[in-house]
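**Q** make a model of this:
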Amino acid sequence: MSALASRPPQAVQAHVEFDNPAPTRSQQKFARYGWFMVAYTVLVILWGVYLRASGSGDGCGVDWPSCGGAFVIQSGAHAKTFIEYAHRTSTMLLGFLLLGQIVWAFRAFPKRHPVRFAVMGALFFTLVESWIGKKLVNHGLVAYSHAPERLQWFAGHQVNTLLLAASFALTAWWATNRAIKLRGQGPMLALAALALLATLGLSVTGSVSALGDTLYPPESHLQVMQQAVLPTANTVMKARPMHPYTAVVVVMVLCLAAGLLNHLRPSPQTRRFTLGVWFALGSQMVIGLFNVGLLAPIWMQVLHNLGADVLWLVLVLLSAAALAQGVRQVETEHIPHAVLAGAKPALKDFVALTKPRVISLLLFTTLAGLFIAAGGWPGNSFAHGLWLIVATGAGLYAAAGASNAINMVCERDLDVRMERTASRPTVTEKVHPRTALWFAFGLEAFSFGILWGSSNLLAATLALAGLVVYVNVYTLLLKRHTWSNIVIGGAAGAFPPLVGFAAASGQLSLLAWVSFALVFVWTPVHFWALAILIKDDYAKAGVPMLPVVKGDRYTVSQIGLYAIVTIACSFAPLFMGAGPGYGFVVLGLNLALMRGCVRLYQHIDRPRASSLFHYSMIYLALLFLALAIDQSGRWVEFVIVFCVSAVFYFWKLPKHLDIVLRWFGTLVSKPQTLS
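**A** The predicted model follows:
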C-alpha cells in the first residue's frame, strides 16, 4: 500500500492551514522595529556598494576601526575619506541598534522562540562582517587593489552581507508569523534550499563582475569578453563575463521554485511573496540589461545591487512563509475519489511519469535539429557524433520527463476527474507524489549535467527553459484559467529543436528560430484536434480548453487559422537555402494538412478530428526529417533506402533490416572530400 494510503486520516488533516495566533502589542512594535532594521541594513549595504564602486575603500588608510589613526576626521579631508568614514559610522550605528534589538527580543519572546535565534544570527553575521571588513582594510584589499586574495575575501563579504540581511528579515517576520518547519517538507525543502543557494552563488558572480568593473572600467562588452580569453588574464578577468549567463540559469530556477512553492504550499503570504519574486526577477533582468548596455556606471551598480537585495529578501520570506508550520502540503493530501493502488511502484510506473509517448515527437525534433545544424552527421568523428546523439537525446528526454512528472503532481486534482488520466501513478499513489517530485528533480539535474558536459551550457539552459515554461506558464498559470493556454504554453514544446541546434553548433541560427516558430504555431493545430476528441473529459475536470469554452465550430476555425500560419512557416527554410527536394516534400505535406482541416470544417466528428490529430504528428516528423536530409544533401540515397525499406517491410523480411539500417547510417553522414 502507498505511504499516504497507510497514514491515518488525522495525519492528512494536520496539514490544513490555520490562522496565526494574534501577536501581542509589544511583539507588533518589535516587528515594526525589525522592518526598520531591515531597511537600514539595506541602506548600509548600498552605501558600501557606492564605496567600492567609487574606489573610496582606502579613504581611511589601513587603520581599523579608526580612520587614519583618529576617530574624528578633519573638515579638510579628502572626499573618499568622508565616504569611508560615513560607511564605518553607519555600520557602528547598526551594531548599537542590533544590541538594543537583542535585549528587546529576549524580553518580548519566550525561550526557543525563532526570533531569538534569528536575532542572534544577525549578531553573528554582524561580527563576521566586521572581521572581514577589518581584514580587507588592514591588508589593503580595497579601492583599486589587484591582489589575487581580494577576490575570495570580497566574495565572502558579499555572501555574509546577504546572510546578515536575511537574519534581520527573519527576525521581523517571525515576530508576528509562525516559525518554519523543516522536518517533513520533503523535496520542497530541497527546492527552497537550492533557490537560496543559487541566489547566493549568483551574488558571488555579480560581486566578481562588479569588482571587475571597478578595477578594469569597460569600454565595451566585447572588450570584456576579449579580456577574459587573454593568456595574461587574471581570475577576475576570466570570471567577469560569467554573471549574465549564470543569471539566466538562476532566474529559471527561481521561477520554478516560486511557482511550485506557491502551488504546493498555498497561503496568502506564499502567493504574495511568489508574485514579489517574479516581479523582482523581471525588474532585475531589465536593470541588468541596462547595466551592461550603459557599461556599469556607479548609479546603475547601486540600483542593480538594490534589486538583488530586494530579490534575496523576498525569496527568504517566501521560503519562510511556504515552509511555515500549519501551511498545507498539497502533495501529501489524498485526492478525493481516487482509486488507490496497493502494489509497490515498478519501473514502468516511473517510465509512465515521463509520458514517453508524448516525448517521442519532442525527441525526434531535437535529434532532427542536431542533424540540421550539423549539416549531416554531428560531431568531429563518428564516435563523437554518436555520443552527441545519445547524450543530447538522453538529456532532452530527462528534461521533458521531469516536466511531465511535475505536471502530474500538480494536476492530480484534475487527472482524477478525467477518464484518460485517472489511472496515472500519481493519482493512484502507486508512486508517492513526493517520490515523483524527487524523481523529477533528479531527472532535471541529470539532464542539465549531461547536456552541459556533452555539448555546452546553452543546450542545457534551453532544455531547462522548456521545463520552466511547461510547468510555470502552462501548468500553473494558464491551463486552469484561459482557453489560450496551449497557444502560449505551447512554447514549451518548441524548445527541443533549439536544444538540438545548440548541442550541434553552440549557437542559434535564424533557421533554429524558424524551427522554434514552426513548432510553436503547429501546436494549436495538433492539440485542439485532440481537445475536440476529449472535450467531455476537460469539461468534467473544469479545464477551460477551447472546445469546452467556445465550441467545436470556433475551435475548427482556429485550427484552420493556425494551419495557415504553420504552412507559411514551413516554407520559410526555402528562403534560407533549403533545396527543391525539401520544397516538394513540404508542398505535399501542406496539401494533406489543408485537406484534413477542410474535411474537419465541413463536418466535425470524432473520426475526422482523430485523423487530423494523428496526421499532424506525421506532418511535423516528416517535415523535420525532410529538412535534416536537405541539409545533409542526401536526397537520392534517402529515396532509394526508403523504397528498399518499404519493399522489405511489405515482404516481411526482417532479417534484412540490419543491412538496411547500417546502409541508412552512412547516408546521414557528411559527404567526404578527397584530399
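**Q** quick one: buried residues of stretch 286-297?
**A** By neighbour count on 16 or more other Cβ atoms under 10 Å, the buried set for stretch 286-297 is 287-288, 291-292, 296. Placement of C-beta: from N, CA and C, glycine included.
**Q** can I get those in CSV including secondary structure and distance to residue 521?
**A** Formatted as CSV, these follow (DSSP: H, G, I helix; E, B strand; the rest coil; distance: Cβ to Cβ, whole Å):
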residue, secondary structure, distance to residue 521
287, helix, 33
288, helix, 31
291, helix, 35
292, helix, 32
296, coil, 39
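**Q** and which of the residues you listed is nearest to residue 243?
**A** residue 288 (8.4 Å; Cβ to Cβ).
**Q** surely that closest one touches residue 244?
**A** Yes - if you go by Cβ atoms under 8 Å, residue 288 and residue 244 touch, sitting 7.0 Å apart.
**Q** show me which of the buried residues of stretch 286-297 is closest to residue 88.
**A** Nearest to residue 88 among the buried residues of stretch 286-297, with distances taken as Cβ to Cβ, is residue 296, at 25.4 Å.
**Q** assess the claim that the closest one and residue 213 are in contact.
**A** Yes - using Cβ under 8 Å, residue 296 makes contact with residue 213 at a distance of 4.2 Å.
**Q** ok, residue 141 - contacts?
**A** Contacts for residue 141 (Cβ atoms under 8 Å, 6 or more residues apart in numbering) come out as 135, 147, 149-150, 153-154.
**Q** go on, residue 88?
**A** Counted by Cβ under 8 Å, 6+ apart, residue 88 has contacts 60, 65, 67.
**Q** the last one: neighbour count?
**A** To tie it back to what came earlier, the one meant is residue 67. 21 (other Cβ atoms under 10 Å).
**Q** what does the first one give?
**A** Using other Cβ under 10 Å, the number of residues around residue 60 comes to 25.
**Q** doesn't it belong to a strand?
**A** No - counting by DSSP: H, G, I helix; E, B strand; the rest coil, residue 60 is not part of a strand but coil.
**Q** tell me, what's the model's pLDDT at residue 69?
**A** pLDDT recorded at residue 69 is 80.
**Q** got phi/psi on it?
**A** When read as degrees, to the nearest 10, the backbone of residue 69 gives phi 90, psi 0.
**Q** contacts only, for it.
**A** 61, 63.
**Q** how close does the closest residue to residue 184 other than its chain neighbours sit to residue 323?
**A** Once flanking residues are discounted, residue 184 sits nearest to residue 329: 7.6 Å by Cβ to Cβ, 6 or more residues apart in numbering. Counting by Cβ to Cβ, to the nearest Å, the gap from residue 329 to residue 323 is 10 Å.
**Q** what do the two both touch?
**A** What both residue 329 and residue 323 touch, as defined by Cβ under 8 Å, 6+ apart, is the set 185, 188, 265.
**Q** buried among those residues? Need that as a selection in PyMOL.
**A** To isolate the buried ones among the shared contacts of residue 329 and residue 323 in PyMOL, judged by 16+ other Cβ under 10 Å, type:
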select buried, resi 185+188+265
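**Q** got the shared contacts of residue 329 and residue 323 as JSON lines, with distance to residue 439, pLDDT and secondary structure columns?
**A** As requested, these are exported to JSON lines (distance: Cβ to Cβ, whole Å; pLDDT from 0 to 100; DSSP: H, G, I helix; E, B strand; the rest coil):
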{"residue": "185", "distance to residue 439": "17", "pLDDT": "94", "secondary structure": "coil"}
{"residue": "188", "distance to residue 439": "14", "pLDDT": "97", "secondary structure": "helix"}
{"residue": "265", "distance to residue 439": "20", "pLDDT": "97", "secondary structure": "coil"}
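**Q** from the shared contacts of residue 329 and residue 323, which is closest to residue 508?
**A** The closest of the shared contacts of residue 329 and residue 323, once distances to residue 508 are taken by Cβ to Cβ, is residue 188, at 33.7 Å.
**Q** what residues are up against that closest one?
**A** Neighbouring residues of residue 188 by Cβ under 8 Å, 6+ apart: 260-261, 264-265, 322-323, 329, 331, 437.
**Q** between the residues you listed, identify the one with the most neighbours.
**A** residue 322 (29 neighbours).
**Q** now it: how far from residue 178?
**A** Counting by Cβ to Cβ - residue 322 and residue 178 are separated by 12 Å.
**Q** give me the neighbour count for residue 71.
**A** 12.
**Q** apart from its neighbours in sequence, what residue is nearest it?
**A** Using Cβ to Cβ, 6+ apart, the closest residue to residue 71 is residue 65 (7.8 Å).
**Q** repeat that for residue 565.
**A** Excluding its sequence neighbours, the residue lying closest to residue 565 (Cβ to Cβ, 6+ apart) is residue 521, at 4.5 Å.
**Q** repeat for residue 601
**A** Per Cβ to Cβ, 6+ apart, closest to residue 601 is residue 556, 5.1 Å.
**Q** what helix or strand is that neighbour located in?
**A** helix 552-571 (DSSP states H and E).
**Q** and what of residue 95?
**A** helix 79-108.
**Q** for the stretch 251-400 of the chain, which spans come out with low pLDDT?
**A** Scanning the stretch 251-400 of the chain for pLDDT under 70 picks out 341-343.
**Q** and with 80 instead?
**A** Scanning the stretch 251-400 of the chain for pLDDT under 80 picks out the ranges 335-344.
**Q** the helices in it, which residues?
**A** Secondary structure of the stretch 251-400 of the chain by DSSP state H, counting those that start in this stretch: the helices cover 268-293, 298-322, 347-353, 356-374, 382-410.
**Q** show me which positions of stretch 552-563 end up buried.
**A** 552, 555-556, 558-559, 562-563.
**Q** columns distance to residue 426 and pLDDT on top of those residues, output as TSV?
**A** Formatted as TSV, those follow (distance: Cβ to Cβ, whole Å; pLDDT from 0 to 100):
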residue	distance to residue 426	pLDDT
552	31	95
555	29	96
556	33	96
558	31	96
559	31	97
562	31	97
563	34	97
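**Q** in stretch 568-586, what counts as buried?
**A** Using 16+ other Cβ under 10 Å as the test for burial, stretch 568-586 gives 569-570, 572-573, 578, 581-583, 585-586.
**Q** contacts for that stretch next, please.
**A** By Cβ under 8 Å, 6+ apart, stretch 568-586 touches 510-511, 514, 517-518, 521-522, 589-590, 622-623, 626-627, 629-631, 633, 635.
**Q** so who does the residue nearest to residue 473 when sequence neighbours are not counted touch?
**A** Nearest non-adjacent residue to residue 473, counting by Cβ to Cβ, 6+ apart: residue 489, 5.1 Å away. Contacts were defined as Cβ under 8 Å, 6+ apart; by that measure residue 489 touches 469-470, 473-475, 478-479.
**Q** most surrounded residue in these?
**A** Neighbour tally across these (other Cβ under 10 Å): the maximum, 26 neighbours, falls on residue 475.
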